[in-house]
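Student: just to be clear, the model below is a prediction. Sequence and coordinates:
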Amino acid sequence: MELRVQDLAVARGGVPVLERVSFTLSAGEAVILRGPNGIGKTTLLRTLAGLQPALDGTVSVPPESLAYGAHADGLKAVLTVEENLRFWSAVHGTDAVDEALAAMDLLALRSRRAANLSAGQKRRLGLARLLVTGRPIWLLDEPTVSLDGASVALFGQVVRRHLATGGAALMATHIDLGLAEARVLDLSPFRARPVTRMPGGFDEAFA
Ligand SMILES: Nc1ncnc2c1ncn2[C@@H]1O[C@H](COP(=O)(O)OP(=O)(O)OP(=O)(O)O)[C@@H](O)[C@H]1O
């Protein structure tokens with residue numbers, strides 16, 4: 001499945017952040033979003049995931065084709081690791097829980113409550129959730145935060161396997177996941193033009 005983004009404009013807190021963003025992400029492809037802090041990588045990913053509306057533009061696939069992986073969002077603290085994945089697998093009508101546990105090295109932690117996981121273990125569970133969504137296009141926001149070297153390598157393998165089986169990934173990351181084939185999309189040219197400022201106004205005070 002191909003993701004075609006055309007002239008997308010996105011905003012954060014009502015303020016336009018990026019505009020006229022156009023790119024294509026094909027099956028089997030990984031694209032890495034680049035740009036300085038605050039340029040709008042998270043905002044772009046959240047907009048594509050359907051978590052906030054776009055100001056303008058078109059996205060060729062519905063949010064149901066996209067899986068958003070960020071932080072530990074969506075984890076139920078009182079459920080165990082395995083129960084969390086079973087919950088999401090039921091929501092998505094898939095059956096990949098054991099595979100996901102194994103892929104992110106969570107088999108030994110399957111009976112532990114999510115609340116009692118370390119930050120890195122929570123992150124691994126959040127990434128295992130991607131696998132049980134069964135969705136082809138992954139949107140990843142700094143997926144390797146809190147992960148140790150071994151877990152980064154593990155996740156690199158998971159992404160490569162996803163790409164090899166026709167999936168695609170759009171990610172904001174500063175870490176080399178070992179994806180030699182990944183394309184880089186620099187967001188700098190899409191920075192929204194600043195709104196007209198009022199002299200002595202709020203913007204001036206914080207400039
Ligand atoms: N809740 C919010 N309300 C208003 N503005 C926000 C809010 N969250 C973020 N912003 C602003 O929106 C802009 C885009 O932020 P975003 O998090 O998308 O950038 P980013 O490229 O992901 O940054 P980083 O590399 O630091 O993670 C920034 O200028 C930020 O200050």
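Tutor: Structure's in. What do you need?
Student: tell me how far Gly50 lies from the ligand.
Tutor: To the ligand, Gly50 is 16 Å away according to CB to the nearest ligand atom, to the nearest Å. From N, CA and C alone the C-beta is placed, and that goes for glycine too.
Student: which non-adjacent residue is nearest that residue?
Tutor: Spatial nearest neighbour of Gly50, chain neighbours left out: Pro63 (3.1 Å); criterion: CB to CB, 6 or more residues apart in numbering.
Student: surely the one you found is in contact with Ala49?
Tutor: Yes. Pro63 lies in contact with Ala49 (CB atoms under 8 Å); the separation is 6.2 Å.
Student: just to revisit the earlier point, who's in contact with the residue nearest to Gly50?
Tutor: Leu48, Ala49, Gly50 (CB atoms under 8 Å, 6 or more residues apart in numbering).
Student: need the buried ones from the residues you listed selected in ChimeraX.
Tutor: With 16 or more other CB atoms under 10 Å as the criterion, this ChimeraX line picks the buried residues out of the contacts of Pro63:
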select :48,49
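Student: next, give phi and psi for the closest residue to Ala115 other than its chain neighbours.
Tutor: Among residues not flanking Ala115 along the chain, Ala77 sits closest, at 3.9 Å (CB to CB, 6+ apart). Note on Ala77: its backbone torsions stand at phi -60, psi -40 [degrees, to the nearest 10].
Student: quick one: residues contacting Ala77.
Tutor: Counting by CB under 8 Å, 6+ apart, Ala77 touches Arg113, Ala114, Ala115.
Student: please report how far it lies from Val10.
Tutor: 30 Å (CB to CB, to the nearest Å).
Student: ok, Arg123 next?
Tutor: According to CB to CB, Arg123 stands 25 Å off from Val10.
Student: how near is Ser188 to the ligand?
Tutor: 11 Å.
Student: so that residue touches Ile39, yeah?
Tutor: Yes. Ser188 is within contact range of Ile39, at 6.8 Å (criterion: CB under 8 Å).
Student: neighbour count for those two, which is higher?
Tutor: Legend: neighbour count by other CB atoms under 10 Å for Ser188 and Ile39, higher for Ile39 (20 against 10).
Student: can you report phi and psi for that one?
Tutor: With angles defined as degrees, to the nearest 10, Ile39 sits at phi -70, psi -30.
Student: nearest to Met1, of the contacts of Ala77?
Tutor: Set against Met1, the nearest of the contacts of Ala77 by CB to CB is Ala114 (30.3 Å).
Student: in the protein, what residue lies closest to the ligand?
Tutor: Residue nearest to the ligand within the chain (CB to the nearest ligand atom): Gly13, separated by 2.4 Å.
Student: right, I'll leave it there.
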